[in-house]
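Participant: Provided below are the primary sequence and the corresponding predicted coordinates.
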Amino acid sequence: MTTAPPSTSLSRKGGSWLLDETPASDVFTPEKLSDEHRLMAKTTTEFVEAEVLPVLERLENKDWQLARSLVRRCGELGLLSIAVPEEYGGLDLDKASSLAVVEQIGPSASFATTFGGQANLCILPLVLFGTPEQKQTYLPRLLTGELIGAYALSESGSGSDALAAKTRATKLPDGNWSLSGEKMWISNGGFADLFIIFAKVDGEQFTAFIVERAFPGFSSGKEEHKMGLHGSSTTPIVLQDVVVPAGNVLGEIGKGHKVALNTLNYGRFSLGAMCSGGCRAAIKAAATYAAQRRQFGQPIASFGAIKHKLGEMTARTYALESLVYRTAGLIDATLGPAPHDGAAVARAFEEYAVEASIAKVAGSEILDYVLDENVQIHGGNGFVKDYTAERYYRDARVNRIFEGTNEINRLLIPGMLIRRALKGELPLIPAAKRLQDEVLSPSVATGGFGDQGVLDDEMRTVGAFKKVALMVIGTAMQTYGEKLTDEQEVVSFAADILIDIYASESAVLRARQASSSRHATADLQVQAARVFVNDAAQRVEAAAKSALAAMAEGDTLRTLLAALRRIVKISPVNTVAMRRALADAAVSRGRYILNES
Ligand SMILES: Cc1cc2nc3c(=O)[nH]c(=O)nc-3n(C[C@H](O)[C@H](O)[C@H](O)COP(=O)(O)OP(=O)(O)OC[C@H]3O[C@@H](n4cnc5c(N)ncnc54)[C@H](O)[C@@H]3O)c2cc1C
């Protein structure tokens, strides 16, 4: 089975959205999913609802035989084969297909982590970096779920600083390798058969190895007692002089960082998509509960305070979904039709690493917001285990920690863009310079980007956000030069602005698209985009003020703040009415209503 790549003609560079206008018709959206994508999503939803959610308690009691059998079911349904070339038994489908699947798996959180350990953290690095022999040996059995996979990068002393790993690899006289060390917090650690393990050759050259549990000297430790994800295995891995065949080096010796980073680039995008699926499940639970629960003689859904929550949960989920789908479309447009060569896929992931980090940070934080409000809407019932709200809330917290903490991802977002600018791949520096010249002239107004009739004000506001980002990043580069990376607070404020730009623009472009195609939910999509952009304006202005005040003082600061005020001079809109409309629609249908897939 093959699906056509999404109908976007785009083949842009990662990060170019900061400087360019994007026509609404160019972005990939959930509304553009093909029938085959929808079928994959439906198959996954049916599997999760019928076979995973009913047995979550058994998984939470660590029934790993059950976890294995569910992974095998994923294999039977083709859910593990999406990104794998046909010659190894895969389907070689586009990223939109992967997205359609992981979004639906997201709400099962614990099992989603097991699935992610298999598909994203073991199968994917083999597809990207494996030799034909390695692929032939391992992929077919990973795709059926006969083998369970895992990825062991972190150690007790090196999590964020993963390249400081102490696990050692020593070459033996016969050409094989001996691995010794201990890994921590490994998903699927208790029952996986195959591990992608990172070790330093002679304590120096960071390298990835393919290691089987069956190799003598390999063992896994006790299950961690976690805050959430009780139905997912997380253990240490102990390697005591484990002999690994010479042919099991994954990628090149000393190039383990490439394997690790490219795997994470995709993992971050995928996590953003899982979070978007989690948001939808929580809105469904919250809207249904709010319609049924009565206080003061009426359903709590009729109270403005509850409508505010449901409306905001919907608007933020809409923005998240929009940016995740847009990113899938960009990767697919870059990759083109199958067959997809592993190296080309790795390059495409690297190209959109900024967008993947944005998806990870926005996804995990929007999900946490949505799940917190879901507990609140459930009141006391939200705090007890009889309802899903409590579990959703605990299970989600780790999303801000793994796949690179949100702090690390925030540092990466502007950092990667600036690195590209310095290499001449993104004309960010001349754009910042032009803006600086404008800033000194009082005529700077809100940006005008592509008027198309619908959401023109919001698109102008997004244009203004872009100017704010250029002002903050340009001032930071000028103020700190090469020492900018030491100024993490300023870099993180810049990241917050960039995240709001990408999310806001993605929401506006999707709503414009829905409007021009007269989609059934177009009006609500427009309202969701307006709510999101209106609130983003307040966040962007606050982040910019804090950043500028850290970098300048006196007259210079006054000039910059005056320019900022002119750029983000935005009239507030009646978001109360719009949130009410979004909430009422969710309550009347008992679910998130802006995605029909
Ligand atoms: C349930 C679970 C499953 C996991 N699964 C896997 C897995 O399958 N494979 C695997 O390899 N790992 C896995 N991990 C490990 C996970 O990736 C790490 O926990 C994560 O990378 C953070 O590392 P750390 O815990 O050492 O925190 P630290 O790196 O010690 O960070 C602590 C705090 O300091 C901040 N910080 C650290 N460095 C900086 C810096 N330079 N600048 C600013 N702030 C900084 C962090 O953002 C964080 O807030 C898992 C963890 C959990 C909890």
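Facilitator: Sure, I can see it. These figures come from a predicted structure and were not determined experimentally. Numbers count the residues shown, from 1 in each chain.
Participant: Which positions in the stretch 401-550 of the chain make contact with the ligand?
Facilitator: Ile401, Phe402, Thr405, Glu407, Ile408, Gln488 (C-beta under 6 Å from any ligand atom). To be clear about C-beta, it is placed using only N, CA and C from the backbone, and glycine gets the same treatment.
Participant: Derive a ChimeraX selection command for the buried subset of these.
Facilitator: Selection command for ChimeraX covering only the buried members of those, criterion 16 or more other C-beta atoms under 10 Å:
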select :402,405,408
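Participant: okay if I get the residues of the stretch 401-550 of the chain next to the ligand as TSV plus distance to Val526 and secondary structure?
Facilitator: Formatted as TSV, these follow (distance: C-beta to C-beta, whole Å; DSSP: H, G, I helix; E, B strand; the rest coil):
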residue	distance to Val526	secondary structure
Ile401	35	coil
Phe402	35	coil
Thr405	35	coil
Glu407	34	helix
Ile408	35	helix
Gln488	37	helix
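Participant: Just put the residues of the stretch 401-550 of the chain next to the ligand in a markdown table and tack on pLDDT.
Facilitator: Listed next are these as a markdown table, based on pLDDT from 0 to 100:
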| residue | pLDDT |
| --- | --- |
| Ile401 | 97 |
| Phe402 | 95 |
| Thr405 | 97 |
| Glu407 | 98 |
| Ile408 | 97 |
| Gln488 | 97 |
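Participant: Which members of the residues of the stretch 401-550 of the chain next to the ligand are the farthest-apart pair?
Facilitator: Using C-beta to C-beta, these reach their maximum pairwise distance at Phe402 and Gln488, which is 20.2 Å.
Participant: and Gln436, what is it in contact with?
Facilitator: Gln436 sits next to Met471, Gly474, Thr475 when contact means C-beta atoms under 8 Å, 6 or more residues apart in numbering.
Participant: 6 Å instead?
Facilitator: Gly474 (C-beta atoms under 6 Å, 6 or more residues apart in numbering).
Participant: Residue of the stretch 451-597 of the chain nearest the ligand, please.
Facilitator: Gln488 (5.8 Å; C-beta to the nearest ligand atom).
Participant: Assumed Glu182 was part of a helix.
Facilitator: No - going by DSSP: H, G, I helix; E, B strand; the rest coil, the assignment for Glu182 is strand, not a helix.
Participant: Renumber starting at 363 from here on
Facilitator: Yes, from this point I'll number from 363; that puts the last item at Glu544.
Participant: Return the set of residues that bridge with it.
Facilitator: For Glu544, the beta-bridge partners are Val600 (DSSP bridges).
Participant: Sketch out the strands for the protein, chain order is fine.
Facilitator: Using DSSP state E, the strands of the chain run over 511-514, 530-533, 539-549, 556-563, 567-574, 580-582, 596-606, 611-612, 656-657, 660-661.
Participant: Whether the helix ranked longest in the chain contacts the ligand - can you check?
Facilitator: Counting by DSSP state H, the longest helix found in the chain is helix 618-654. No - using C-beta under 6 Å from any ligand atom, helix 618-654 stays clear of the ligand, coming no nearer than 8.7 Å.
Participant: in that helix, what counts as buried?
Facilitator: 618, 620-653.
Participant: now do stretch 519-533
Facilitator: In stretch 519-533, counting by 16+ other C-beta under 10 Å, buried: Ser520, Gly521, Ala524, Ala527, Thr529, Arg530, Ala531.
Participant: before we move on, what about stretch 881-898?
Facilitator: The neighbour-count check on stretch 881-898 (16+ other C-beta under 10 Å) flags 881, 883-884, 886-898 as buried.
Participant: per-residue confidence for the one residue in the chain that gets nearest to the ligand?
Facilitator: Nearest to the ligand in the chain, going by C-beta to the nearest ligand atom, is Gly521, at a distance of 1.8 Å. Here the pLDDT value assigned to Gly521 is 95.
Participant: just Pro699 next, same as before
Facilitator: 89.
Participant: Determine how far the lowest-mean-pLDDT helix or strand in the chain lies from the middle of the whole chain.
Facilitator: The helix or strand of the chain with the poorest confidence is helix 790-801; it has a mean of 82 (mean pLDDT, DSSP states H and E). Between the centre of helix 790-801 and the centre of its chain there are 31 Å (C-alpha atoms, centre = their mean, to the nearest Å).
Participant: Send over that helix as CSV, restricted to the C-alpha atoms.
Facilitator: Output of helix 790-801 as CSV, limited to C-alpha atoms (Å, rounded to 0.1, in the frame of the first residue of the first chain):
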residue,chain,number,x,y,z
LEU,A,790,18.3,36.2,8.9
ILE,A,791,21.2,38.6,9.5
PRO,A,792,20.4,41.0,6.6
ALA,A,793,16.7,40.9,7.5
ALA,A,794,17.5,41.8,11.2
LYS,A,795,19.8,44.6,9.9
ARG,A,796,17.1,46.1,7.7
LEU,A,797,14.7,45.9,10.6
GLN,A,798,17.1,47.7,12.8
ASP,A,799,17.4,50.6,10.3
GLU,A,800,13.6,50.7,10.3
VAL,A,801,13.3,50.6,14.1
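Participant: Name all residues that make contact with Leu432.
Facilitator: Leu432 neighbours (C-beta under 6 Å, 6+ apart): none.
Participant: before we move on, what about Glu517?
Facilitator: Under the contact definition (C-beta under 6 Å, 6+ apart), the residues listed for Glu517 are Ala527, Lys545, Met546.
Participant: so which of the residues you listed would you say is closest to Ser460?
Facilitator: Nearest to Ser460 among those, with distances taken as C-beta to C-beta, is Lys545, at 26.3 Å.
Participant: What separation do you get for the closest one and Gly492?
Facilitator: To Gly492, Lys545 is 20 Å away according to C-beta to C-beta, to the nearest Å.
Participant: of those two, who's got more company?
Facilitator: Neighbours were counted for Lys545 and for Gly492 using other C-beta atoms under 10 Å; Lys545 has more, 27 against 22.
Participant: from what I can see the more buried one touches Ala514, true?
Facilitator: Yes - at 4.0 Å, Lys545 and Ala514 qualify as touching, with contact defined as C-beta atoms under 6 Å.
Participant: Identify the contacts common to these two.
Facilitator: With C-beta under 6 Å, 6+ apart, Lys545 and Ala514 have common neighbours Ile599.
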